[in-house]
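**Q** Mind looking at a prediction? Sequence and model below.
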Amino acid sequence: MAIKQFNIILDWSQMITSRVCHLAFQLEAAELPAFIPGQFITLLIPQDDKILRRSFSIATVQGKSQHLEIAAGHMENGVATNLLFNLQPGESVTASGPFGRLILRDEDVKRYILVATGTGVTPYRAMLPQIAERLQQNPHLEIVLMLGVRKRDELLYPEEFLQFAAEHERFTFQSFYSREQPTDQKEYEYAGHVQVGFTNLNLNAEHDIVYLCGNPDMIDHSFELLKEQGFDAHNVRREKYISSGH
């Protein structure tokens with residue numbers, strides 16, 4: 001089956017942290033492609049005589065946006081960085097997809113633990129309407145979203161996650177700072193890398209399913225820690241972000 005390609009046109013973009021740009025695209029000649037929250041698209045970027053491919057999770061919150069949205073982290077001299085951070089409204093990029101299996105499945109689970117670093121949190125943003133449905137359907141389901149960044153001002157979409165937590169009592173948002181410990185630390189804030197939060201979760205491999213998205217080192221270390229708690233590839237789902245800006 002041929003992979004579908006399509007042109008996307010930048011509608012608007014804005015810096016949401018000092019190093020992350022959020023971009024909203026429209027499709028050139030079609031509606032937003034059907035996607036499952038958690039999936040990604042691949043941008044096809046001409047470079048010399050080659051076409052380079054760089055993948056980005058879809059950040060679109062279905063029902064709230066008609067755009068194809070992504071978040072791009074700044075990578076020094078990165079091919080995708082140079083393209084996306086300089087792209088102007090009305091300019092287009094060729095993309096393909098959607099791809100990926102980092103999705104919420106139909107399964108009997110008591111708790112989802114969604115772990116991310118940096119822009120790895122974008123698929124969880126896209127999942128919010130789906131998470132709301134799951135919480136409504138299952139009165140025993142709990143969901144914990146853990147986001148690790150270097151400093152507080154690098155948090156992505158914190159207002160959205162905190163508002164969602166305020167509206168859904170069985171959804172918890174936690175942020176972790178590897179290079180900062182704010183003096184006015186709030187109840188959802190913690191010092192250290194995101195995986196240190198596992199110690200406070202009373203993990204249970206029989207009832208919990210863990211999603212890991214973001215920095216490969218975080219994912220590998222987290223998986224080792226989880227294996228010590230009885231987890232394996234069946235209840236840990238992983239997607240590594242490997243220098244997508246380059």
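**A** Structure received.

**Q** Which residue ranges of this protein form strands?
**A** Under the criterion DSSP state E, the chain contains strands at 5-15, 20-27, 40-47, 50-57, 68-73, 92-99, 111-117, 142-149, 171-177, 189-191, 208-214, 236-240.

**Q** for the longest one, packing partners?
**A** When you say that, I think you mean strand 5-15. Contact partners of strand 5-15 among helices and strands, from 3 or more Cβ pairs under 8 Å, 6 or more residues apart in numbering; DSSP states H and E: strand 20-27, strand 92-99. All C-beta atoms are positioned from the backbone trio N, CA, C, and that covers glycine.

**Q** repeat for the shortest one
**A** Using 3+ Cβ pairs under 8 Å, 6+ apart as the contact test, the elements touching strand 189-191 are strand 171-177.

**Q** can you list contacts of the strand it packs on?
**A** 131, 135, 142-152, 155, 158, 161-162, 164-165, 188-194, 196-197 (Cβ atoms under 8 Å, 6 or more residues apart in numbering).

**Q** same deal with stretch 212-231?
**A** Applying Cβ under 8 Å, 6+ apart, the contact partners of stretch 212-231 are 57, 102, 114-121, 123-124, 148, 193-195, 198, 203, 205-206, 208, 210, 236-242.

**Q** tell me the mean pLDDT for it?
**A** If you average the pLDDT over stretch 212-231, you get 96.

**Q** cool, and stretch 113-124?
**A** In the prediction, stretch 113-124 has an average pLDDT of 97.

**Q** same deal with stretch 25-32?
**A** 80.
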